[in-house]
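>>> Predicted model and sequence below, questions to follow.
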Amino acid sequence: MNEEHALSEIDNLDPIDVRMGAKLTQIRQERGCRQRDVAQVLGVSRSHLSNIESGRSKPGWRHLLGLSNHYGVDVRALMREASGINTHHNPNEASDAASDGNASQMLSALDQMCLCALRMLPREEQVRVVEELVHRALHRT
């Protein structure tokens, strides 16, 4: 692969996938695990795990949950970090934000988490989830 093609590939990577991959790499390395061993636990090839860790592949829910279970970390925390949502917040901030009229900021953070979760799904699953959400919204009683 030439340098120009490699740079073009980097430019096309999703920042959320890159942050998720970097976090997964960090956790794996902190725990002293090898890619080959983790890939075997997940039932994927080492190269596929490498692609997830580099941000070139999106981890499916099954893989993301498997990794979080294997590493003993909260999948929600991984998603918050990957989406860039502040994970170090005061529990009282929610009530403070609402009382200050900043409820839209809280909703925005929740929306970002939901979008992050949706983007982690394969394309076909994204379509299915969106169709189900639209169906539910249209048929509320």
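It's in. Predicted model, so just to flag it, every value in this text is computed and none were measured.
>>> Just the helices from this structure, written as ranges.
3-11, 15-30, 35-42, 46-54, 61-71, 75-83, 93-99, 103-119, 123-138 (DSSP state H).
>>> Least reliable of those helices by average pLDDT, please.
Note on the helices of the chain: lowest mean pLDDT is at helix 93-99, with a mean of 41.
>>> Dump the helices of the chain into JSON lines; add mean neighbour count as well.
Placement of C-beta: from N, CA and C, glycine included. Shown next, in JSON lines, are the helices of the chain (neighbours: other CB atoms under 10 Å):
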{"stretch": "helix 3-11", "mean neighbour count": "10"}
{"stretch": "helix 15-30", "mean neighbour count": "17"}
{"stretch": "helix 35-42", "mean neighbour count": "16"}
{"stretch": "helix 46-54", "mean neighbour count": "19"}
{"stretch": "helix 61-71", "mean neighbour count": "17"}
{"stretch": "helix 75-83", "mean neighbour count": "19"}
{"stretch": "helix 93-99", "mean neighbour count": "12"}
{"stretch": "helix 103-119", "mean neighbour count": "14"}
{"stretch": "helix 123-138", "mean neighbour count": "10"}
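>>> which residues does S45 contact?
Neighbouring residues of S45 by CB atoms under 8 Å, 6 or more residues apart in numbering: A39.
>>> Could I get the phi/psi values of it?
S45 adopts backbone torsions of phi -80, psi 160, taken as degrees, to the nearest 10.
>>> I'd like to know how far the residue nearest the centre of the chain sits from V129.
Closest residue to the average C-alpha location of the chain: M79 at 4.1 Å, with CA atoms, centre = their mean. From M79 over to V129 the distance is 15 Å, taken as CB to CB, to the nearest Å.
>>> Would you mind confirming that the residue nearest to the centre of the chain makes contact with M120?
Yes: M79 is within contact range of M120, at 7.5 Å (criterion: CB atoms under 8 Å).
>>> Spell out which residues are contacts of both of those two.
Shared contacts of M79 and M120, counting by CB under 8 Å, 6+ apart, come down to M20.
>>> Could you report the separation of T25 from K58?
15 Å.
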